[in-house]
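>>> What follows is a predicted protein model with its sequence.
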Amino acid sequence: MRLAGLLPHASSRPPAVALVPSEAAPAAAPVAASPPHALRGRLPNLSWRAASWEELRAHPRFTALPPVSELRLAGDEQQYALVRQDSALWWSLHAGRLTSSVLLASVGAREPAAARRLGLPAAAAGRRHAVGAAIRLGQPLLVPGAGAEGAETAAAAASNAAAVAAFNAAAPPPPPPPPTSPPPPAAAAGRRRRRARHGPAIARSPEEAALRARCASASAGGDSGVRCAWGSAQEAGSLFSLLAAFPGARLLEAGLCVPSPAALQALALPAEALARLPPLGASPDGVLAWPAGSPYAPPGGEGLETQLEVVEVKNACPFRAHPAGGFALLDRGPPEALPPQHVPQLQLEMLCAGCGSGLLLCDSATRGAALFRMPRDDAYLALTLRLVASFAAGHGVPGGQGGGWRGGRAEVFGRGAEAAMLAEWISRTRALARAAALTGFLACPRRPDGADPRPWLE
């Protein structure tokens, strides 16, 4: 089942869109001044103004995926698109498969010189990324329900469609309460107090205690730990903002999307590259379903009842490690242009989900979000997959925990035709980033009323 199967009469492959935004796209808007906050603290709040996935799945225009326990996976890779991204099975399905998390390393873009041309930070470059990609591609591929075919596969697809419909038709459970503040002094009367220098003992709810533990664990990792945890914690809130900005659209939850054989054949890859290509997959943060006649839909969808468009969210973390200890609050806001390093991921998601365009939502904590639209470029995808095939043939062979890495200290594509392909790929990546259209600026609330207003947990 393609993601289009979650909607009646949805088209799974809209035509390519033009490199211009819709004329009626939302215009840039000023952001209201945020309330003053302390600019330094010890414990950043990852749930600051965030929405939960429970809240998002309860939204009337969000088509949620049921728990994995309600699915039947019977030998059809297209069913992986129904596996929630917060499940253990979703992680397991990445073994032996080329996904966006190892894509840059697999095309040589994390080599120091290539990384600089793409604008990647120094910490995102290095040989360890290529080694990690080789290890991933060398792992055994997980195929749930292997061997099923014919009537069994069709029955599983029908069962999964019914499970999705039933899950979304049921009354959604109420979202969990927001973390509670410490009790007032009267509620704490009679409790044993600590020594004076530590202050009084504080009773916290289980939700608050879990939040503090999660934030403390992320903070122990410094800038990188907080940045990664912030992006995961804020994703649902960004998607909530997208639904608020486009009241006519529906958002579909997406698992691991796998390209159809026909989609790969349409790229006209050389037979040798196609044979070397590892299994592919990509997990967009969501898929927007635009109704016919929507003024915000991508151009080129005339005659289609529904257009599907992948959505990828990037949240800029407002917390930075401070030299004097703790963290500083610094929200620079969203970028003015699409960063080139996100182009390959967005293009792979379009291919795997069968969409003709994609949206990149670059969100900030207090200064709104920039929304970029990019059309699918099959010639660029073909070049990308030729590099992936070369990497897989040279390094991604089975080899246990050591993967198939045989590169030593040499660059992944240091010379010859592959080096020329990489140089061309970098140039085309940067050109696609420059051509991406800024379709609008979102200044809507990140989540419903009742959000946790505390940037710091102290």
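Nice, I can see it.

>>> okay, and for the stretch 1-150 of the chain, where does confidence drop off?
Counting by pLDDT under 70, the ranges of the stretch 1-150 of the chain that qualify are 1-36.

>>> Which stretches in the stretch 1-150 of the chain count as strands?
Assigned by DSSP state E, counting those that start in this stretch, the stretch 1-150 of the chain shows strands spanning 40-41, 62-63.

>>> looking at the ones you listed, which is buried most?
Of all those, strand 62-63 has the most neighbours on average by mean count of other C-beta atoms under 10 Å, namely a mean of 21. C-betas here are computed from N, CA, C, even on glycine.

>>> Let me know the pLDDT of the closest residue to residue 392 other than its chain neighbours.
Excluding its sequence neighbours, the residue lying closest to residue 392 (C-beta to C-beta, 6 or more residues apart in numbering) is residue 278, at 4.7 Å. Each residue has a pLDDT score; the one for residue 278 is 94.

>>> Just give me the neighbour total for residue 278.
22 (other C-beta atoms under 10 Å).

>>> and it, what does it touch?
Contacts of residue 278 were listed using C-beta atoms under 8 Å, 6 or more residues apart in numbering, and they are 96-98, 137, 388, 392, 396.

>>> Ok, residue 281 next?
Shown in contact with residue 281 (C-beta under 8 Å, 6+ apart): 80, 93-94, 97-99, 256-258, 352.

>>> with the residues you listed in mind, which one is nearest to residue 167?
Set against residue 167, the nearest of the contacts of residue 281 by C-beta to C-beta is residue 80 (17.4 Å).

>>> Partner strands of the top strand by length along the chain, with direction?
Selection of the longest strand in the chain by residue count, based on DSSP state E, yields strand 306-315. Paired with strand 306-315 in the same sheet, following DSSP bridges, are strand 286-291 (antiparallel), strand 357-363 (parallel).

>>> Which secondary structure element is home to the residue nearest to residue 392?
According to DSSP states H and E, residue 278 maps onto no helix or strand at all.

>>> List the backbone torsions phi and psi for it.
phi -80, psi 170 (degrees, to the nearest 10).

>>> swap in residue 252?
Torsion angles, degrees, to the nearest 10, at residue 252: phi -110, psi 130.

>>> Going forward, count from 104.
Done: numbering now begins at 104, and the last item shifts to residue 355.

>>> if we can go back for a sec, show me what the helix or strand following the longest strand of the chain is packed against.
The C-terminal neighbour of strand 409-418 among helices and strands, as given by DSSP H and E, is strand 422-424. Counting contacts by 3 or more C-beta pairs under 8 Å, 6 or more residues apart in numbering; DSSP states H and E, strand 422-424 packs against helix 325-348, strand 430-432.

>>> what is the mean pLDDT for the longest one?
Helix 325-348 shows a mean pLDDT of 92 in the predicted model.
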